[in-house]
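J.: here are the coordinates; sequence isn't available:
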């Protein structure tokens with residue numbers, strides 16, 4: 001069975017066909033978040049701290065860290081992003097004990113994050129573009145880390161799933177030339193919005209099966225892409241995730257601070273026999289009981305973590321909150 005091993009200083013997370021679905025928290029990302037972008041440029045990391053703690057409490061097993069801010073004072077990300085990435089990596093791993101996913105389109109920022117990260121982070125990402133392959137694969141080899149491989153190349157993003165599979169295969173083969181094994185490649189087959197392409201869900205499910213069976217790789221995606229532009233997006237996401245898991249998808253970059261999506265993943269883990277005796281489902285059900293009584297999901301999750309997973313029925317029954325890790 002393919003296993004992709006990620007590590008923090010004190011914790012190991014394995015992405016694999018026979019493992020619980022790996023939730024990679026997406027919220028430490030200023031893209032589309034003007035307030036967060038402004039805070040980061042001003043040196044204010046309070047939202048980053050809050051997002052890190054809440055996501056882990058709600059069930060994120062890995063945290064994606066993206067420092068993609070275009071400063072008003074300096075629009076060159078090659079200058080500004082590497083030191084910001086280092087600062088954010090150091091801050092987040094000082095707060096929580098989960099492995100990190102270092103996310104950037106700037107190679108210098110990726111290397112700054114790799115230099116600062118403890119353990120074995122996931123690198124996000126490489127594509128099939130020649131320039132990107134030549135820039136990123138040596139970093140993957142140098143630091144001995146796994147990498148997200150996104151199925152687009154110099155021709156762009158194809159709507160043809162066979163073309164996206166071919167790009168993924170190319171990346172796996174090129175990585176092998178660098179001595180990077182397939183188990184350290186986590187392929188993102190690219191989820192198209194179902195509102196724009198009716199077959200988007202069917203495409204990705206078929207692609208995930210093919211990637212698993214023919215290339216033997218783990219897979220991930222930006223889960224919310226499936227519902228882009230549609231109303232009541234979280235219901236669509238919550239239906240998509242278990243179907244993707246059933247097709248063989250092993251991780252997703254997503255927002256864990258949404259109970260409907262996390263409920264779907266917990267249930268899917270149980271149904272896929274990746275939750276022994278349903279113990280995690282039972283713990284999570286107690287969190288949902290708290291949410292039904294009006295307690296916000298992050299607070300109920302933090303409370304459950306404090307009491308050993310029992311929520312308000314836990315051993316201490318207290319409402320005091322502490323930082324995970």
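T.: Sure thing, it's come through. Please read all numbers here as calculations on a predicted model, not as lab measurements.

J.: which stretches in the stretch 101-250 of the chain count as strands?
T.: 122-127, 147-150, 185-188, 218-219 (DSSP state E, counting those that start in this stretch).

J.: want to throw those into CSV with mean pLDDT?
T.: Below are these laid out as CSV (pLDDT from 0 to 100):
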stretch, mean pLDDT
strand 122-127, 98
strand 147-150, 98
strand 185-188, 98
strand 218-219, 98
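
J.: most tightly packed of these?
T.: Sort the strands of the stretch 101-250 of the chain by mean neighbour count, taking mean count of other CB atoms under 10 Å, and strand 218-219 sits at the top with a mean of 28. No exception for glycine: its C-beta is placed from N, CA and C like everyone else's.

J.: report the distance from that strand to the chain centre.
T.: 12 Å (CA atoms, centre = their mean, to the nearest Å).

J.: is it correct that residue 117 is in contact with residue 100?
T.: Yes: using CB atoms under 8 Å, residue 117 is in contact with residue 100, at 5.8 Å.

J.: before we move on, the earlier item: would you format the strands of the stretch 101-250 of the chain as a markdown table with distance to residue 209 included?
T.: Converted to a markdown table, the strands of the stretch 101-250 of the chain look like this (distance: least, CB to CB, whole Å):
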| stretch | distance to residue 209 |
| --- | --- |
| strand 122-127 | 22 |
| strand 147-150 | 17 |
| strand 185-188 | 12 |
| strand 218-219 | 10 |
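
J.: contacting residues around residue 227?
T.: 193, 194, 195, 233, 234, 236, 237, 240 (CB atoms under 8 Å, 6 or more residues apart in numbering).

J.: cool, residue 26 as well?
T.: Residue 26 sits in contact with 64, 222, 224, 253, 254, 255, where contact means CB under 8 Å, 6+ apart.

J.: and the furthest pair within these?
T.: Spanning the widest gap among the contacts of residue 26 are 64 and 224, at 12.7 Å by CB to CB.

J.: ok, and residue 15, which helix or strand is that part of?
T.: Residue 15 belongs to strand 12-16 when assigned by DSSP states H and E.

J.: can you tell me the strand partners of that strand and which way each runs?
T.: strand 3-7 (antiparallel) (DSSP bridges).

J.: for the strand it pairs with, what is the distance to the chain centroid?
T.: Taking mean C-alpha positions (CA atoms, centre = their mean), strand 3-7 and its chain are 13 Å apart.

J.: quick one: average confidence on it?
T.: Averaging pLDDT along strand 3-7 gives 98.

J.: contacts for it?
T.: Under CB under 8 Å, 6+ apart, the answer for strand 3-7 is 12-16, 19, 62, 99, 119-122, 146, 183-184, 186, 218.

J.: in the stretch 1-150 of the chain, which spans are helices?
T.: 34-41, 46-58, 77-95, 107-116, 130-143 (DSSP state H, counting those that start in this stretch).

J.: show me what the lowest-mean-pLDDT helix or strand in the chain is packed against.
T.: Sorted by mean pLDDT, DSSP states H and E, the helices and strands of the chain end with helix 297-306, the least confident at a mean of 92. Using 3 or more CB pairs under 8 Å, 6 or more residues apart in numbering; DSSP states H and E, the elements in contact with helix 297-306 are helix 46-58, helix 279-292.

J.: got the angle between the longest one and helix 46-58?
T.: It refers to helix 279-292. For helix 279-292 against helix 46-58, the angle by axes from the mean of the first three to the mean of the last three CA atoms, to 10 degrees is 120 degrees.

J.: what residues of helix 279-292 count as buried?
T.: 280, 283, 284, 286, 287, 288, 290, 291 (16 or more other CB atoms under 10 Å).
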